[in-house]
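Next come a sequence and a model predicted from it.
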Amino acid sequence: MWHVQEALCNAVLEAFVDYLIEEKEIDLVAIYVATVPHTRQIDLYARLLKGLLIRFMYISLSFSTQFV
């Protein structure tokens, strides 16, 4: 029974981390990622970094086209 409760808690935490990433609550993502099992931490944090990279590339592209 404990494993079912633990799995449910981890699923809720992962969903919350996804929400934090979507809302760009970067300071909170690391805190909540640290609460999930180590096997999931890399994937969750990579989602944040991927989103930041895409956002950075979009901003860079918009600046580079302004001066053309």
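Done, it's in. This is a predicted model, so every value here is computed, not measured.

ok now the helix or strand where D27 lies, how far from the chain's centre?
With elements taken from DSSP states H and E, the one containing D27 is helix 26-33. In terms of Cα atoms, centre = their mean, to the nearest Å, the centre of helix 26-33 is found 8 Å from the chain centre.

Kindly report the same for stretch 45-63.
Its chain's C-alpha centre and that of stretch 45-63 lie 12 Å apart, by Cα atoms, centre = their mean.

Next, T35: phi, psi?
Backbone geometry at T35, expressed as degrees, to the nearest 10, gives phi -90, psi -10.

which non-adjacent residue is nearest it?
L13 (5.6 Å; Cβ to Cβ, 6 or more residues apart in numbering). No exception for glycine: its C-beta is placed from N, CA and C like everyone else's.

For the helix or strand that contains the one you found, name the packing helices and strands.
Assigned by DSSP H and E, L13 belongs to helix 2-22. Where contact means 3 or more Cβ pairs under 8 Å, 6 or more residues apart in numbering; DSSP states H and E, helix 2-22 is packed against helix 26-33, helix 38-66.

For the longest one, could you pull out the residues that count as buried?
Neighbour counts using 16 or more other Cβ atoms under 10 Å place L44, Y45, R47, L48 of helix 38-66 among the buried residues.

next one: the first one
Of the residues in helix 26-33, those scored as buried under the neighbour-count criterion (16+ other Cβ under 10 Å) are V29, Y32, V33.

separation between the closest residue in space to R47 that isn't next to it in sequence and I54?
Using Cβ to Cβ, 6+ apart and skipping the chain neighbours, the partner closest in space to R47 is I21 (5.7 Å). Distance, I21 to I54, by Cβ to Cβ, to the nearest Å: 12 Å.

Spatially central residue for this structure, please.
L48 (3.4 Å; Cα atoms, centre = their mean).

residues in contact with that one?
L48 sits next to I21, I26, V29, V33 when contact means Cβ atoms under 8 Å, 6 or more residues apart in numbering.

And it, how far from L13?
Going from L48 to L13 by Cβ to Cβ gives 14 Å.

From the rest of the structure, what touches stretch 6-17?
V29, Y32, V33, T35, V36, P37, R40, L44, R47.

Good, we can wrap up now.
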